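Peer 1: Output the structure for:
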Amino acid sequence: MDSASTTAQRRGRLLRKSRSGCRDCRLRKVKCDEIKPVCSNCRRRYVSIHCCDWTTDAPYNGGYSYRSDAMHRLTEESRSPEDMAVQEALKYTKNAPTHSLTMHPRSEANTSQWRTLELRLMYHYTAVVSHTMPDCNGASTRAWERTIPQLSFDSEVVLNPMMALSALHLHAHSPNDSAMAVALRRYLDRTLVNHRQALSNPGGSLSEQLWLSAVLITHVYWLLAHQTQLNEAYELPISTMKMLEGVSILFARNNVFLGKLGYGPFEHEALPQIAPGGELPMAAEVQLHGIEEDLTYLLDAFDIVAMPEDVKSIYVGAKDYVLYHYRAFYSGTATKTLRRFIVTMAVRCHPRYRGMLEKHDPLAMALLARMLVLLRGLDFAWWVSGKGEYEVVERDVRGIRELMPANFRWAIDWPCRVLDGDIVLNRD
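Peer 2: Residues are numbered from 1 along each chain as shown. As a prediction, the model looks like this:
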């Protein structure tokens with residue numbers, strides 16, 4: 001009896017759960033080893049965590065607002081240049097639901113629902129989303145189809161933005177699915193927190209995980225920047241343009257390592273090949289000549305010859321960029337290549353060109369509208385053209401027209417005629 005009693009007591013001690021573990025472990029209902037300042041569970045689960053929450057009171061609703069935490073972290077006084085990408089991204093989180101998204105649901109039923117949702121998002125990413133994405137800044141599409149899913153198993157820095165992208169795709173195609181809207185904000189908030197923590201890691205080198213996280217975030221915010229919002233006027237996606245520059249800064253931090261993995265900065269990508277003059281089909285030559293006449297008329301109407309030489313060169317450079325890629329379009333350049341050059345025009349042109357766009361300069365916006373509308377001549381790609389409330393081309397071109405002073409709205413007539421079907425961009 002004494003032996004049996006002793007065995008039972010030992011078993012009771014072995015099975016008894018700690019009531020003084022960190023808050024995260026208590027809410028997840030897992031055993032905490034109580035190693036301070038960071039327990040083993042949290043060390044494995046989170047990036048660059050410095051201390052667990054050892055308070056004994058459970059937070060209201062079993063969680064806290066990741067949006068608030070992200071905003072707090074990204075408004076600190078000390079910011080490195082590469083943090084600009086994340087700082088700009090956070091401006092769009094103001095449209096997130098005002099209630100806190102529960103990070104660790106309290107009930108087993110809710111936990112089961114989130115796990116089911118996570119499986120759905122993972123499956124949707126691997127089966128659908130990964131096959132729709134472009135080459136990953138120099139790497140092949142295998143980065144989307146294999147590298148990102150594989151790294152996500154060991155890194156929340158990659159997992160959360162991957163889940164956010166999958167939720168965004170589902171929400172764009174199923175706008176009435178409220179669960180996807182909540183999931184998008186949930187994983188996006190986690191993404192921003194983890195990304196900021198990884199960026200602020202002192203002395204830490206740029207990992208492949210952090211690089212891919214930046215690429216994923218940029219793709220998510222390209223579409224979020226075009227999301228239709230009630231009672232909000234259109235604004236150019238300047239923040240996404242700044243995020244693209246942030247991606248370049250990140251690459252420069254460890255370009256040798258990332259280069260060996262096959263990645264490359266987008267601004268160093270060689271321009272697409274174009275056919276010399278006179279070698280295009282007659283129909284293509286006629287359309288291209290009409291586009292060139294429109295661009296020439298546009299610049300003459302703004303009287304750029306009377307402008308200072310440095311300003312004139314910026315406009316001429318942007319006009320040449322637009323015309324070059326229309327010629328590449330009619331020369332048969334691959335669609336996936338053209339898409340990348342179209343959406344990155346603002347950061348591939350002169351650095352001051354983006355500043356002109358920020359100030360809603362009419363001529364700068366008119367040139368951008370002519371570049372973006374070329375997407376209408378290409379096969380549809382969700383990641384760049386959006387869908388539903390995230391639609392890109394129509395919203396950008398019509399929105400730019402609304403930003404124009406009334407006496408300059410004629411400058412958007414040509415792109416609007418493309419949208420209306422009066423002008424058909426066809427290279428077949």
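Peer 1: For Tyr326, list the residues it contacts.
Peer 2: For Tyr326, the contact set (Cβ atoms under 8 Å, 6 or more residues apart in numbering) comprises Leu288, Ile291, Leu374. No exception for glycine: its C-beta is placed from N, CA and C like everyone else's.
Peer 1: ok, of those, which one's closest to Ile148?
Peer 2: Leu374 (28.5 Å; Cβ to Cβ).
Peer 1: Near Ala270, how many other residues are there?
Peer 2: Residues lying near Ala270 (other Cβ atoms under 10 Å) number 6.
Peer 1: okay, it: pLDDT?
Peer 2: Listed pLDDT for Ala270 reads 79.
Peer 1: Is it part of a helix or strand, or is it coil?
Peer 2: Going by DSSP: H, G, I helix; E, B strand; the rest coil, the secondary structure assigned to Ala270 is coil.
Peer 1: so Leu425 touches Leu374, yeah?
Peer 2: Yes: contact between Leu425 and Leu374 holds when scored by Cβ atoms under 8 Å: they sit 6.6 Å apart.
Peer 1: OK, contacts around Gly21?
Peer 2: Counted by Cβ under 8 Å, 6+ apart, Gly21 has contacts Lys31, Cys32, Glu34, Cys39.
Peer 1: Can I get the residues you listed in JSON lines including pLDDT?
Peer 2: Rendered in JSON lines, the data for the contacts of Gly21 read as follows (pLDDT from 0 to 100):
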{"residue": "Lys31", "pLDDT": "85"}
{"residue": "Cys32", "pLDDT": "86"}
{"residue": "Glu34", "pLDDT": "84"}
{"residue": "Cys39", "pLDDT": "83"}
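Peer 1: before we move on, the earlier item: going by distance to Tyr330, which of the contacts of Tyr326 wins?
Peer 2: Distances from Tyr330 to the contacts of Tyr326, taken by Cβ to Cβ, are shortest for Leu288, at 5.5 Å.
Peer 1: Please save the CA atoms from the helix or strand hosting that closest one in CSV.
Peer 2: Per DSSP states H and E, Leu288 falls inside helix 282-301. Provided in CSV are the C-alpha atoms of helix 282-301 (Å, rounded to 0.1, in the frame of the first residue of the first chain):
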residue,chain,number,x,y,z
MET,A,282,2.6,46.9,-89.6
ALA,A,283,-0.3,46.8,-87.2
ALA,A,284,2.1,47.1,-84.2
GLU,A,285,4.0,49.9,-85.9
VAL,A,286,0.8,51.9,-86.4
GLN,A,287,-0.3,51.5,-82.7
LEU,A,288,3.2,52.3,-81.4
HIS,A,289,3.3,55.4,-83.6
GLY,A,290,0.0,56.5,-82.2
ILE,A,291,1.3,56.1,-78.6
GLU,A,292,4.4,58.0,-79.5
GLU,A,293,2.3,60.9,-80.9
ASP,A,294,0.2,61.0,-77.7
LEU,A,295,3.3,61.2,-75.5
THR,A,296,4.9,63.9,-77.7
TYR,A,297,1.6,65.9,-77.6
LEU,A,298,1.4,65.5,-73.8
LEU,A,299,4.9,66.9,-73.1
ASP,A,300,4.4,69.7,-75.6
ALA,A,301,1.1,70.7,-74.0
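Peer 1: what helices or strands is it leaning on?
Peer 2: helix 309-330, helix 362-372 (3 or more Cβ pairs under 8 Å, 6 or more residues apart in numbering; DSSP states H and E).
Peer 1: residues touching the spatially closest residue to Arg339 that is not a sequence neighbour, list them.
Peer 2: Among residues not flanking Arg339 along the chain, Val384 sits closest, at 5.0 Å (Cβ to Cβ, 6 or more residues apart in numbering). Residues in contact with Val384 (Cβ under 8 Å, 6+ apart) are Pro134, Trp222, Arg339, Ile342, Val343, Leu375, Val392.
Peer 1: quick one: pLDDT of the closest residue in space to the fifth one that isn't next to it in sequence?
Peer 2: Across the structure, with Cβ to Cβ, 6+ apart as the measure, the residue nearest Val343 apart from its sequence neighbours is Val384 (5.6 Å). In this model, Val384 is scored at 94, pLDDT.
Peer 1: Which helix or which strand is home to Val384?
Peer 2: For Val384, the element it lies in under DSSP H and E is helix 382-385.
Peer 1: do Asp189 as well
Peer 2: Taking DSSP H and E as the definition, one finds Asp189 inside helix 178-199.
Peer 1: quick check, distance from the strand or helix carrying Arg120 to the centre of its chain.
Peer 2: Element membership of Arg120, judged by DSSP H and E, is helix 108-127. The chain centre lies 22 Å from the centre of helix 108-127; the measure is Cα atoms, centre = their mean, to the nearest Å.
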